[in-house]
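# I'd like to go over a predicted model; first the sequence, then the structure.
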Amino acid sequence: MNWILALIPCLALLAVPAVALGLRARPALAPALALLPATLFGLILLLPLGATFRVDWLSSFGIGFAFRLDGLSQLMALLITGIGTGIFLFSGSYMTSYPKQHRFMAVLTLFMAAMLGAVLADDLIVLFIFWELTSLASFMLIGFEAHKPAARRAAQQGLLVTVSGGLAMLAGILLLGTAAGTFTISEILANRAVLATHAFTPWIIVLVAMGCFAKSAQWPLHMWLPNAMAAPTPVSAYLHSATMVKLGVYLLARLNPAFQEWALWQGLLTGAGTLTMLTGAILALRERDLKRKLAWSTVVALGTLVTLIGLEEPLAATAAVVFLLVHALYKASLFLVAGILDKKAGTRDALMLRGLGRHMPLTAIAALLAALSMAGAPGFIGYMAKDLLFTVQLGVPGLLPVVALLVNAAMVVVAGVVAVRPFFGKPMEMEREAKDPGFTMLAAPLTLAILGLVFGLAPALISVNLVEPAAAAILGEPTGIALGDKQATEIVYYLSLVVLVLGVIAFLAWTRLQPRLAAQTWLDDYGPDAAYGSLLRSVSLISGAVTRRVQTGSLRFYIGATVVLMFGGTLVLLVAGGGLGLPSADPLPLPHQAVLVGLVIAGAVAACRLQMLFAQVMAAAVVGFGVGILFLTLGAADLAFTQFTVETIAIVLLVAILARLPFRELDARRREEHRRDGAIAIGAGVVGFLTLLAVLSVPFDTQMPDWMGAAAWPEAKGRNVVNVILVDFRALDTLGEIAVLLIAALAATVLLRRARGK
Amino acid sequence: MKTSFIMNASARYVLWACVLLSLFVLLRGHNEPGGGFIGGLIGALGFVFHALARGAGATRAVLRLQPLTWAGIGLLCGILAGLPAMLLFGEPFLTQQWLGTTPIGTTVLFDLGVYLVVLGFALAFVLPFMEA
């Protein structure tokens, strides 16, 4: 059974090319693709909790393709595939008007595979790989409409933020694996006592938190999330509310048992989370665009989740799980409603949308149900989440209770503006009457919104099977809390009433409140998004200045600088390292070798003295071939062979190029340039000579060559030791080298094509 | 560019002579001086000569595939040569395997990969210059 666990991400990954090719041939099949996440959803339900699967990968480092299903990963995987089913169905219809629909659906599938891999992984390195894959998929989806500059900027920003965070996280993961002595997550959590006293732990906490904060849009790295709304709506609903942004929260929750007793961990998480909540709430009130407004409220939700994980209380874990589920349900639903409104009413401006309820009753019902869950109305699962949230947050000393109250009131306003206001009041003027969309587009928002009510009325459906296992995974032990039991005291009850009333009043005053908030332009001018912009500008300014300095366009300068740096550096190292030395006397060269040396010297002098380029090339060839023959006389046949071939190709190529120049082209360098180049060449030669002397003055360790010489025939069935080293003993090095050759050829082809195009 | 009659007439024979020689050098490389790297360079030499005589377009037609594609096939050969060890024998990637006691094994495929990458690499650099 357990192999099904590994099958889940693999199946999704393998589906990617099939989706791309299949949908290109038959675009109409797109909605049927929803069967893929639905099947995966079923497979996850089949698996028992605690299922594991492992295939060794880099066994010497203890890294393997390890997957594990526990309460937390089950919750996430079910959300990914469950909401995914709705999103795939929705996109199948929503994206039909886009020209590259097949590509879109393929990347969406890739994203789902990456998410499933990340939440099911039980190995830090495997998790990291899938984690980065989600960033890449997100980049491609945000920038899907690449002809729009805003989409390109948003895609780049999202990638830069999440991938820089990923880099910090990689460092954190490597430290964590080293400190714990294993990269297997379940083992790390089982042996967490090691981390309690380890010197690395503070670093691990900071680095891992940075990665998770970037991914989950925590202050001040939150700015990429609202900008990511440049993506098509299904992407916003799926990646940027329900799944990818929850990945940071997921990892924090996953590692929470190991770090929850550290004050640093608690402080970082509650601090960043609270600031994020506050920022998100203010900016959500200020926004008019439905999607961006929802994005800001997602920022609030992510801040809330991070804060909850940072609190060291059993109830906080349960609250986090319930809120995660609630938020995913209502937010995906509301985003899809925003997409429907955008498509059917032609705008996403909250101030313009009015009175659509009578034209689009089903859409209105979906929106209202989702909004009621978001506002925490009794009867909905959102009420339970709010109940838990308040109970936990009000118990914390300091500013958090006040912030929590204000933020929750702001969320009531957002729910009202997004889901109530567009459907009531005097109908807006439209060119063409808006209508409810078809089944494929309505199914997801309606189902998700109704589930919010179903789970609220019958919490037993999810309490034992879904919520408790996940909360226990966050806490590291059973919470002993049953969902549906009343947690709140009377004070909490009254306070939540106050919040609701406050929210409704603010909602009624929103049309007057919004312009005032929007007038506060300093929020944009000094915000992190502006800081990001000026950072990017200064990077390109500095790199521009450096490039103009270094890349003058003169090949002669490049070669001169390279040679000076290479040999100058060698000389410094040689002198500083005390490496200068003379070898014990060698036998003098044989007469025919002396003749060859003379030939090489003559060639070198001629290359410097001759005036015609063509003749210079020929003189240089004399040097090359002379050295080749010299190698031959010293018994280095392979070296000589290679030298001859390279030399021949170089000459043929130079001749081919020179043939395009006037045939008798003369060397155009001035006298002082000649002197300078000559000095560089002679200097390089002298340093090379000194290096060789220094190498020869050290006794030669013959252990390795002796072994290779002896092992070449019995172990590798070859008598040419050089070649055996290349293709067998050090074959991985060779593979790397030919890969580099291929990449260089690839780059050259692109550059040369560009140069020819101009 | 004006080319001589002699070059034009001999181009095809020089090309195939170079390719034959390069394959010979490739195969004998395991015991005598030679191997994929030098073999690839000699092969490239034949094609460059051909391009000098007949123009790069004609050479591309003889090659059939783009130089980069040849190089890609080469890298694939190199990777494939490493797989049997991992998939069939449970040994680390690129542990070369042999057909029984014969000296024929995955090294031949690996060296062929090196040969193709070097050939493709050299031609990807040289041919565009000869077209410009």
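The structure has been received and is ready for your questions.

# neighbours around residue 106, how many?
Looking at chain A here, since you left the chain open. 24 (other Cβ atoms under 10 Å in any protein chain shown). Quick note: C-beta positions are derived from backbone N, CA and C, even for glycine.

# not quite, go with chain B.
Residue B:106, neighbours per other Cβ under 10 Å, totals 23.

# does chain A have contacts with the longest helix seen in chain B?
Ranked by residue count under DSSP state H, the longest helix found in chain B is helix B:106-131. Yes - judged by Cβ under 8 Å from any Cβ of the partner chain, helix B:106-131 and chain A are in contact via B:107, B:110-111, B:113-114, B:117-118, B:120-122, B:124-126, B:128-131.

# list only those of the residues you listed flagged as buried.
Neighbour counting by 16 or more other Cβ atoms under 10 Å in any protein chain shown classes B:107, B:110-111, B:113-114, B:117-118, B:120-122, B:124-126, B:128-130 among the residues of helix B:106-131 next to chain A as buried.

# what bits of chain A have low per-residue confidence?
Per-residue confidence for chain A (pLDDT under 70) gives these ranges: A:1, A:431, A:484-488, A:585-587, A:660-665, A:755-758.

# and the strands in it?
Ranges of strands in chain A, per DSSP state E, are A:52-58, A:63-68.

# picking up where we left off before, could you give me the average pLDDT of the longest helix of chain B?
In this model, helix B:106-131 carries a mean pLDDT of 90.

# neighbours of the residue nearest to residue A:210 when sequence neighbours are not counted, how many?
Leaving aside its sequence neighbours, residue A:210 sits nearest to residue A:168 (Cβ to Cβ, 6 or more residues apart in numbering or on different chains; 4.0 Å). Residue A:168 has 18 neighbours, counted by other Cβ under 10 Å.

# contacts only, for residue A:168.
A:207-208, A:210-211, A:214 (Cβ atoms under 8 Å, 6 or more residues apart in numbering or on different chains).

# try 7 Å this time
Counting by Cβ atoms under 7 Å, 6 or more residues apart in numbering or on different chains, residue A:168 touches A:207, A:210-211.

# which SS state does the most far-flung residue of chain B relative to its centre fall under?
Within chain B, the residue lying farthest from the chain centre (Cα atoms, centre = their mean) is residue B:90, at 30.3 Å. Classification of residue B:90 by DSSP: H, G, I helix; E, B strand; the rest coil places it in coil.

# okay, it: pLDDT?
Confidence for residue B:90, expressed as pLDDT, is 78.

# for it, phi and psi?
The phi/psi pair for residue B:90 (degrees, to the nearest 10) reads phi 60, psi 30.

# sorry, back to before: out of the contacts of residue A:168, who has the most neighbours?
Going by other Cβ under 10 Å, residue A:211 tops those with 27 neighbours.

# and that one, how far from residue B:67?
Counting by Cβ to Cβ, to the nearest Å, the gap from residue A:211 to residue B:67 is 41 Å.

# now swap in residue A:32 and tell me
Residue A:32 sits at a distance of 42 Å from residue B:67 (criterion: Cβ to Cβ).

# quick one, which of those two is more surrounded?
residue B:67 (25 against 14).

# quick one: contacts for the more buried one?
Shown in contact with residue B:67 (Cβ under 7 Å, 6+ apart): B:120, B:123-124, B:127.

# turn these into JSON lines, including distance to residue A:111.
Formatted as JSON lines, the contacts of residue B:67 follow (distance: Cβ to Cβ, whole Å):
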{"residue": "B:120", "distance to residue A:111": "34"}
{"residue": "B:123", "distance to residue A:111": "39"}
{"residue": "B:124", "distance to residue A:111": "34"}
{"residue": "B:127", "distance to residue A:111": "40"}
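
# ok, of those residues, which one's closest to chain A?
The shortest approach to chain A among the contacts of residue B:67 belongs to residue B:124, at 3.9 Å (Cβ to the nearest Cβ).

# against residue B:73, how distant is the closest one?
13 Å.

# and for residue A:428?
Here residue A:428 is placed at a distance of 61 Å from residue B:73 (Cβ to Cβ).

# what do you get for residue A:727?
17 Å.

# looking at these two, which is more packed in?
A direct count of neighbours by other Cβ under 10 Å for residue A:727 and residue B:73 places residue A:727 higher, at 33 against 16.

# correct me if wrong: the more buried one contacts residue B:109.
No - counting by Cβ atoms under 7 Å, residue A:727 does not reach residue B:109; the two are 9.6 Å apart.

# run a quick neighbour tally on residue B:57.
11.

# quick check: pLDDT value at it.
89.

# nearest residue to it in space, please, no chain neighbours.
Nearest residue to residue B:57, sequence neighbours excluded (Cβ to Cβ, 6+ apart): residue B:131, at 7.3 Å.

# do the same with residue A:148
residue A:230 is the one closest to residue A:148 (Cβ to Cβ, 6+ apart), at 6.9 Å.

# burial of the one you found, as a residue count?
Residue A:230 has 25 neighbouring residues, counting by other Cβ under 10 Å.

# do residue A:717 as well
19.

# could you pull up phi and psi at it?
Torsion angles, degrees, to the nearest 10, at residue A:717: phi 50, psi 40.

# which SS state does the nearest residue to it once chain neighbours are set aside fall under?
What sits nearest to residue A:717 in space, not counting adjacent residues and going by Cβ to Cβ, 6+ apart, is residue B:103, at 4.0 Å. Per three-state DSSP, the secondary structure class of residue B:103 is coil.

# now residue B:103, what are its backbone angles?
Torsion angles, degrees, to the nearest 10, at residue B:103: phi -80, psi 10.

# count of neighbours near it?
15.

# next: residue A:633.
Residue A:633: 13 neighbours (other Cβ under 10 Å).

# list the contacts of it.
By Cβ under 7 Å, 6+ apart, the contact list for residue A:633 reads A:592-593, A:596.

# residue A:328 now?
Going by Cβ under 7 Å, 6+ apart, residue A:328 touches A:79, A:83, A:242.

# now, among the residues you listed, which is nearest to chain B?
For the contacts of residue A:328, the closest approach to chain B (Cβ to the nearest Cβ) belongs to residue A:79, at 35.6 Å.

# distance of the closest residue to the closest one other than its chain neighbours from residue A:242?
If the residues on either side of it in the chain are set aside, residue A:79 comes closest to residue A:328, at 5.1 Å by Cβ to Cβ, 6+ apart. Computed with Cβ to Cβ, the distance linking residue A:328 and residue A:242 is 4 Å.

# shared neighbours, the two?
A:79, A:83.

# to chain B, which of the strands of chain A lies closest?
With Cβ to the nearest Cβ, the closest approach to chain B among the strands of chain A belongs to strand A:52-58: 10.1 Å.

# pLDDT weak spots in chain B?
For chain B, the stretches with pLDDT under 70 are B:1-3, B:132.

# quick one, strands of it?
Under the criterion DSSP E, chain B contains no strands.

# now the closest residue to residue A:23 other than its chain neighbours: how far from chain B?
Excluding the flanking residues, the one nearest residue A:23 by Cβ to Cβ, 6+ apart is residue A:102, at 3.5 Å. Here the criterion is Cβ to the nearest Cβ, to the nearest Å. By it, residue A:102 lies 25 Å from chain B.

# from residue B:33, how far out is residue A:102?
On the measure of Cβ to Cβ, residue A:102 and residue B:33 end up 52 Å apart.

# go ahead and confirm residue A:317 touches residue A:470.
No - if you go by Cβ under 7 Å, residue A:317 and residue A:470 don't touch, sitting 8.3 Å apart.

# per-domain residue ranges of chain A.
For chain A, automatic domain parsing gives the domain ranges A:281-514, A:701-758.

# chain B: helices as residue ranges?
Using DSSP H, helices in chain B cover B:5-28, B:36-54, B:56-63, B:67-88, B:106-131.
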